[in-house]
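Peer 1: Predicted model and sequence follow; I will ask about them next.
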Amino acid sequence: MPEVRNDEVEAWEPPTEAERAARRRRNVAIALSIAGFMLIVFLVTVLRLGEYSLARPF
C-alpha cells in the first residue's frame with residue numbers, strides 16, 4: 001500500500017448550505033420512495049389475502 005504524505009491529504013471542510021440542502025432533498029426523496037414501496041406491498045398483500053378470505057366458507 002503506498003504511503004500518503006500529509007501534504008497530499010486535503011483538509012476536511014464542513015458541507016456548504018447548498019450541499020446540505022441537496023442532501024436533505026435526496027434523503028426526503030429516498031424516504032418517500034421507500035414509504036411508497038411499502039404502501040404498494042401492503043396494499044397488494046391485503047388485496048391478495050382479501051381474495052382468499054372471501055372465497056372460504058364461514
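Peer 2: In hand now; what should we look at? Keep in mind the model is a prediction, meaning the values are calculated, not measured.
Peer 1: tell me which element residue 23 is part of?
Peer 2: helix 17-55 (DSSP states H and E).
Peer 1: How far off centre is that helix?
Peer 2: 9 Å (Cα atoms, centre = their mean, to the nearest Å).
Peer 1: avg pLDDT for it?
Peer 2: Helix 17-55 comes out with an average pLDDT of 93.
Peer 1: Which positions in that helix come out as buried?
Peer 2: By 16 or more other Cβ atoms under 10 Å, helix 17-55 has no buried positions at all. Using the backbone N, CA and C atoms, a C-beta is placed for each residue, glycine as well.
Peer 1: Got the confidence number for residue 8?
Peer 2: As predicted, residue 8 sits at a pLDDT of 61.
Peer 1: before we move on, what about the one 3 residues further on?
Peer 2: Reading off the confidence values, residue 11 has pLDDT 80.
Peer 1: Could you check which helix or strand contains it?
Peer 2: Per DSSP H and E: residue 11 is located in neither a helix nor a strand.
Peer 1: roughly how far apart are it and residue 23?
Peer 2: 20 Å (Cβ to Cβ, to the nearest Å).
Peer 1: cool, residue 36 as well?
Peer 2: Separation of residue 36 from residue 23 (Cβ to Cβ) stands at 20 Å.
Peer 1: Appreciated, that's everything.
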